[in-house]
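Colleague: A predicted structure for the sequence below; I have some questions about it.
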Amino acid sequence: MATAVEGDEPLDCEDLTGAEINVLVAEGVRKLVRNLSAPESSQRELHRKEQLVAKMFVEHRGTWRTNGHEVRRRLDDLVERFRVEGMAPFGKTFRELVIKLLARPEIKRSPTPELAWTMLDFLLIMSSEPVQDIRLNRVTRNRSRLSMIPGIEASEKEQKERKAAIDRPPINPAETEVDWTALLSEDFLEPPEDDSLSDWSDESDSDSTCTLLPGENVGTSRSLLDMANIYDQAMQVAVPDRSGNTGYLPPGFDQRGIRSNDFSIAQPLPLSLLNYQGSHLRMSRVVQLAPLKPPGIATQYRVSDRNTNVLSRTIHAHWWHENVKVFALPSNSNPMANFAVGYVQLLNRNACGLLELPLPKTTTESCLMREILFMFVRPASCCFFEFDEQTRRINVRSNVSICTVTAGTLQGFLQHNLVPALEDMMELRRTIDTHTLHFDGIRTTGTLECFAYGLRDLIQPICQLLIAYEERVVRNPAKNTLVCFIMEFRVHFRQLRLLRHLAEDVILNMGPPHLRSAYLLSRLYRHTTPQVMHQKLATALLLVTLKRYCNIIDGWWRRATLEDRLNEFIVERCVEDDADRRGYVRKRSVDLDESLEVVEKFKQLHACPIYQLLLKHALESGETQDLLANVNLLGEMLATTNESQPPSLYDELTAQVFAQVKVYCGDVPTDEEDAQETEENPEQAADKVLVSNVQGIKNLDLFAIFTLPAQRRIAERKRLRKTKKPIQLASILSRLERSTPLQLKAEIPEALREILRKRQCMANEYAMRAYYKELQLGETVRFLRHTMMLEAYYLLLPYYTALFSRIENTENWARDSVLSSKLYRVLLPHYPDLADNLHVNVISKVTCNSTKVYEALEALELVYDMPVAMQVILTDKHMRGYNSVWRLMLKVKWAVWKLENLVFLRRHKGNPYAPLDLLGLTIRRLEILRFWLIYLINSLHTHIMQAVAQQFELRIAQCKNIRHLRTLHDEYLSLLRKHCMLTDEFRDFRIALDQLFHLVFVLDMEWTSCACYLGQNDALCLDFTLSDDGIDDGESERRGMEYLALNQVVEIELTYIRCHQTLAEILNSLVYKHDHGFLTALEVAINTSVPH
C-alpha cells in the first residue's frame, strides 16, 4: 500500500498494448510483494509469493465486480477486530492509510468510481489472515508499521513542496541582487575598548560606552542600550545551539522522529532575550549571588558517649546505687532540720555500744517528689523505690529518707499511701498497652480495644495533673510537699484503684474471642445496676465498649455482611457444603476441648439481658438482611430514612441514652455547646458585623464582592458546627454526672432495645413484602400442596396412572429426565410459571427395581428449585416432610386405583340367579374382601385429606417477621405430618398400613389368578380351552375345581381381618390413651367396621 501512496500520476492505459500492461502489472506485483514482506524473507520465498499474487490477479482480473459498501464493511470489521484483539494501533494505521488512498487526487478524478474499492478489495483478498499473522509476529509487524509512517509523511511533504513550487509566483530579480544572509551576518557594532566595564553603570554612563553616533539614534523609540541588546539577541538566531536549533524556534522536522498517533498541540517556546553570549552590552541590576553549596546539617547534635560510668553520673543520679552513701544538707542550722540522721545517731549513743544502726541516705523532698512522679510514668528501680519486673511489685527501700523524717516512718507512709496508687497506674497502663499496642503476643478483640481506649481517656486527666504538679514542684518546691501531694491526689488515687478493680473484674484472659468480648459486656452491665456506687462510670464505659458491636451491626444493617474479622461477635455465619445454598446465621459456642472454667463462663452469659438482646437481634436481623439483599430491597429500605448520611448505631444509642436521661434533669448542654457559648472567635464577630453593616447595598454584585468571603467563612463554621464529632468518654461521664446525683436505672439495654426494635420493624415490613410479592411464597406453597399433597390429583391422574402401570409391567421406568419431562408437560398448561421448578429424582436404584408399586414409590423424590431467600422458609427438612406426605398419598392413590380397577368376575352359566355353588361363593368372598379394602382405604384417604386441605398461604399475611413465618410453617408441616401419622409415635400404625398395602398387592394377584382359571382373559387373547362352538363345560369344570383347590382366599381374608383388628387396636390406644383426638373419626370408622 505504501507503493500505491508514493506513486506518481496514474498512467494512461488507453494507448498501451496488452503486453505492456502485463509488464506493468508484473512490475507492480513485484514491488508490492517486496514492500509487504518481511526484510529477512529469502528470494525463493519472495518469488513464490509473486507467483501466488499474479495467479490471484489473473483469476480475478476479468470477473472482478466490486461493491464499495461491502468492501467498506469488511474494512470496518477488520479495524474492529484489531481493536478487540488488543492491536488498536494497527487498526488505526490501517484506517489512516485507507483514508489517504481514497483522498488522492488521481483516485477522485478517476472515471471509474469503484477503482479505489477494487484495489482495496484485491489487497484484502491477497492478505492471508492479517490478524493472526500480526498476533504471531507482533514485534516485526510493529517495526514495519513504524518504519512505514516516516516514509509516507516524507512523501506527502515532498508532494506539498512540489505543488507549492508550481503555484509559487516567479522570483523578483531585484531581490536576488543582495546577499541578505551575508549582509545580516556582518557586525555593525564595534566592541568596546575596555571589556571590564562595570555592569552597574547607569543610563548616564551608557552613552559614553555606546559606539553609535548620536545622529544614528534618530527615529528610534528605544534607548541605545536597548537597541544593542535587541541586536545582540537577533545575532543569536544565526548561531545555532548544539541541537541545531535557535533559542526560541521549535525543533525541526528531523528532530521529531516518528510522529505519534495521538493528536497533540505543541506548546511554542517563549522568546527569551537573556540567552546571549558576552556581557559587554548586558545591563543587570540583580544582586550577584554566591555559587551554590551542598546542603549542610540543619540540626546540631552531639555524639553520645556510651561509657557506663559517664552514663550513671550524668543521666541517672549516682546516689541511686546502694553502695553510695549520700547525705543532703539541712535547710538550716537547727539540729531538728536533719532529724533522720540525728535520730539514728541518738539511738546509737543511747545503745551503749550494743546496737549500731546504719545511717540512712537522705535527699531533698523535691528529689523524692520527682521520683514519685517518674514512677507514675515509667516504673523503675531508683533511690526510694525498688521495682521487681518478675512479680511486677513496687516496694519502698528501707534505709532512704528525707532530712525531716526517719526512714521507717517515710517507708511506712509511702508504702501505705503511695505504692498502691503506683501499682494501680502501672497495671492500668499495662492493660491499655496490651489491648491497644498488641504486644506480648496477646491477641485482643475490638471490644477489648474500645474498653482499653476508654480506660486511657479516664486516666489521661490524672496524667495531665501529674505533669502539672511536676511543674509546680520545679517552680516552688517548698509549698508542693509530699503531704500536699497525697492530700490533693487522694481522690484520683481512689479512682485509679476503682478502675483497676473494674478492669480485673471484666477482662477475661482465656477462651475464644467472642467469649471474651461478650463476657466483658456482661460484666460491665452488672456494674451498671442501681445498687453499684460507680454505676455512672460503668455506664459510660459500657457505652464506649459497645462501639465495636455497634459497628458490626451497622455493617450488617447497611451491607448485609458480617464484618467480623476477629471472630468476636456473638453469632457467626455457617456455610453448608451445598454451594447452591447460602450460609445461615447461628449462635457462637465454645469448642469441646475448652476448659471447664471457659464453659462455665459461657453459661453465665445467658443470664445477661444485654447479651440476650444482642443475640436475639443478631439472629433475626441476619435472616432479614440476607433476604433483603437477595431480592434487592436493602437499598430501597435504607433510602426510606430520607437521610444522605444516616447516623451510626453508636451515635443513635448515645443520643437515645441522653434522651432517656432527660427524665431526671431535663436538657443538659454538651461540652461542645458550653465551649461555643463561652468563647467566640473575634474573627467570627468581625464577619457577622461586616455582613450586617452592608445590608443596605442594593447592587448584588457589589454586595457579593464585599461579603462573599465572610459569608463563606460563616457557612463553613455552621457546617462544622453541624458535623458531629465523636463523643468522648469524659464527655459522656460528665453529662451523666450532671444529670442527677441519684442512681440511674439500666438505661443502655432499654435504649438499645428501642433502637433495634425500630430498625427490625422496618426490616420485617420489607421482608414480609418480599415474601408476599417478590418471592410469591403463597403461590409456591399452594403449588406444592396441589402437586406434592395431590390436592389437584385430577390434573395428575394420567401421569400417576401411567407411572403405576409402568412399575407393574417392570419396564425401565426409573429415569429422572423422563419422569421430570412428563411431569412438566402435565403441569405446564396449569402452572406455567412454576412447572419448570419441579423435578423427579430417583434416590434408590435398588428399591426402584421392585415390582410392588408401594415399595417402588419409596425410590422417588420430588425436588423443587427455589430462590436462596425462600430456602429459609422451605428448608431441606421441610422438603423431606413434603416428600413423605407425597409418597403416602401416592400409595393410597395406588391402592384405590388398583382396587377400583378390579373387574367383577362372572362365570358362563345359563341362570345368573341360581344359588351359588362352592366356586361362586369363593368368588363372592373375593369381591367382599375387595369392598372391605376399598372402605378402609377410603376412610384413611378422607382422614388425610382433612389435614391436607388446610391452606397455609392464607396465614402468611398474619406474620410480622421471618421468625414468625418460619415458626408458622414449621407448625403447619408438623401438624400435617402428625395428621398423616408420619412421626415416630405412629410407627406401629405405619407398619400395619404397609401390611395392608401388601394385602392389596396379594389380592390383585389372587384376582388375576381367579380370572385366568375362569377363562376371563383379555378380549384380544386366544382361549384354546373352548371348542368350535365356544362351549366346553368339562374343561371349565375342571379349571374351576383346580382353582378351588389352589386358591388363597381364606388366608387373604384372615390376614385382612387381623390387619383390620390391629389398626383398630392401635387407633383406639392412640385416641384414648395418648389423647390424639384428631384420630377420633378414623378410629370410629375402623372400629365400627371390624369384620369377624
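Modeller: Ah, there it is.
Colleague: Give me the below-cutoff pLDDT ranges for the stretch 801-950 of the chain.
Modeller: Residues of the stretch 801-950 of the chain meeting the criterion pLDDT under 70: 906-914, 916.
Colleague: Tell me where it has strands.
Modeller: In the stretch 801-950 of the chain, the strands defined using DSSP state E, counting those that start in this stretch lie at 838-842, 860-864.
Colleague: Please enumerate the strands of this structure.
Modeller: Under the criterion DSSP state E, strands of the chain are mapped to 361-363, 385-388, 393-396, 400-402, 571-574, 584-587, 838-842, 860-864.
Colleague: Ile467 is nearest to which of those?
Modeller: strand 385-388 (19.2 Å; C-beta to C-beta). To be clear about C-beta, it is placed using only N, CA and C from the backbone, and glycine gets the same treatment.
Colleague: Who are the packing partners of the closest one?
Modeller: Packing partners of strand 385-388 (3 or more C-beta pairs under 8 Å, 6 or more residues apart in numbering; DSSP states H and E): strand 393-396.
Colleague: mind listing what's buried in the strand it packs on?
Modeller: Neighbour counts over strand 393-396 (16 or more other C-beta atoms under 10 Å) mark Ile394, Val396 as buried.
Colleague: From the recorded domain assignment, give the ranges for this protein.
Modeller: If you go by automatic domain parsing, the domain ranges for the chain are 2-161, 511-670+727-774, 775-901, 909-952+985-1092.
Colleague: can you list the ones you listed in CSV and add distance to Val491?
Modeller: Below are these laid out as CSV (distance: least, C-beta to C-beta, whole Å):
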stretch, distance to Val491
domain 2-161, 75
domain 511-670+727-774, 13
domain 775-901, 56
domain 909-952+985-1092, 67
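Colleague: Mind putting those into JSON lines with mean neighbour count and distance to Arg393?
Modeller: Shown next, in JSON lines, are the domains of the chain (neighbours: other C-beta atoms under 10 Å; distance: least, C-beta to C-beta, whole Å):
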{"stretch": "domain 2-161", "mean neighbour count": "14", "distance to Arg393": "72"}
{"stretch": "domain 511-670+727-774", "mean neighbour count": "17", "distance to Arg393": "26"}
{"stretch": "domain 775-901", "mean neighbour count": "17", "distance to Arg393": "57"}
{"stretch": "domain 909-952+985-1092", "mean neighbour count": "15", "distance to Arg393": "67"}
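Colleague: so which of the ones you listed comes closest to Ile459?
Modeller: It's domain 511-670+727-774; of these, that one is closest to Ile459 (C-beta to C-beta) at 10.8 Å.
Colleague: Mind checking the pLDDT average for the closest one?
Modeller: Averaged across domain 511-670+727-774, the pLDDT comes to 86.
Colleague: Figure out how far it is from the centre of its chain.
Modeller: Here the centre of domain 511-670+727-774 is set off from its chain's centre by 21 Å, with C-alpha atoms, centre = their mean, to the nearest Å.
Colleague: so how far is the first residue of it from its last?
Modeller: Terminal residues of domain 511-670+727-774 are spaced 44 Å apart (C-alpha to C-alpha, to the nearest Å).
Colleague: still on that earlier bit, could you redo the strands of the chain as JSON lines and give each row distance to Ala792?
Modeller: Shown next, in JSON lines, are the strands of the chain (distance: least, C-beta to C-beta, whole Å):
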{"stretch": "strand 361-363", "distance to Ala792": "101"}
{"stretch": "strand 385-388", "distance to Ala792": "85"}
{"stretch": "strand 393-396", "distance to Ala792": "83"}
{"stretch": "strand 400-402", "distance to Ala792": "99"}
{"stretch": "strand 571-574", "distance to Ala792": "37"}
{"stretch": "strand 584-587", "distance to Ala792": "32"}
{"stretch": "strand 838-842", "distance to Ala792": "12"}
{"stretch": "strand 860-864", "distance to Ala792": "14"}
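Colleague: which residues in the stretch 701-850 of the chain form helices?
Modeller: Counting by DSSP state H, counting those that start in this stretch, the stretch 701-850 of the chain has helices at residues 729-739, 747-769, 777-788, 793-808, 816-827.
Colleague: In a markdown table, list those along with distance to Tyr1013.
Modeller: Shown next, in a markdown table, are the helices of the stretch 701-850 of the chain (distance: least, C-beta to C-beta, whole Å):
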| stretch | distance to Tyr1013 |
| --- | --- |
| helix 729-739 | 98 |
| helix 747-769 | 66 |
| helix 777-788 | 42 |
| helix 793-808 | 21 |
| helix 816-827 | 37 |
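Colleague: between the ones you listed, which gets nearest to Ala659?
Modeller: The closest of the helices of the stretch 701-850 of the chain to Ala659 is helix 747-769. By C-beta to C-beta, the value is 7.9 Å.
Colleague: Name the residues that touch the closest one?
Modeller: For helix 747-769, contacts defined as C-beta atoms under 8 Å, 6 or more residues apart in numbering pick out 525, 528, 539, 542-543, 546, 553, 557, 609-610, 613-614, 617, 620-621, 624-625, 627-628, 633, 636-637, 640, 649, 652-653, 656-657, 659-661, 956, 959-962, 965.
Colleague: Which of these fall within helices?
Modeller: 525, 539, 542-543, 553, 557, 609-610, 613-614, 617, 620-621, 624-625, 627-628, 636-637, 649, 652-653, 656-657, 659-661, 962, 965 (DSSP state H).
Colleague: Not counting its neighbours along the chain, what's nearest Ala947?
Modeller: Counting by C-beta to C-beta, 6 or more residues apart in numbering, the nearest residue to Ala947 once its immediate chain neighbours are dropped is His979, at 3.2 Å.
Colleague: gap between the residue nearest to Val53 when sequence neighbours are not counted and Arg500?
Modeller: Among residues not flanking Val53 along the chain, Val29 sits closest, at 5.1 Å (C-beta to C-beta, 6+ apart). Noted for Val29: a distance of 99 Å to Arg500, by C-beta to C-beta, to the nearest Å.
Colleague: For the residue nearest to the spatial centre of the chain, grab phi and psi.
Modeller: Taking C-alpha atoms, centre = their mean, the centroid of the chain lies closest to Thr561, which sits 7.1 Å from it. Dihedral angles of Thr561 (phi, psi; degrees, to the nearest 10) stand at phi -130, psi 140.
Colleague: pretty sure it is touching Gly555, no?
Modeller: Yes: contact criterion C-beta atoms under 8 Å: Thr561 and Gly555 qualify, at 5.9 Å.
Colleague: mind checking pLDDT for Gln233?
Modeller: At Gln233, the pLDDT value in this model is 58.
Colleague: What of Glu186?
Modeller: Note for Glu186: predicted pLDDT of 53.
Colleague: For burial, what's the neighbour tally of Arg497?
Modeller: 15 (other C-beta atoms under 10 Å).
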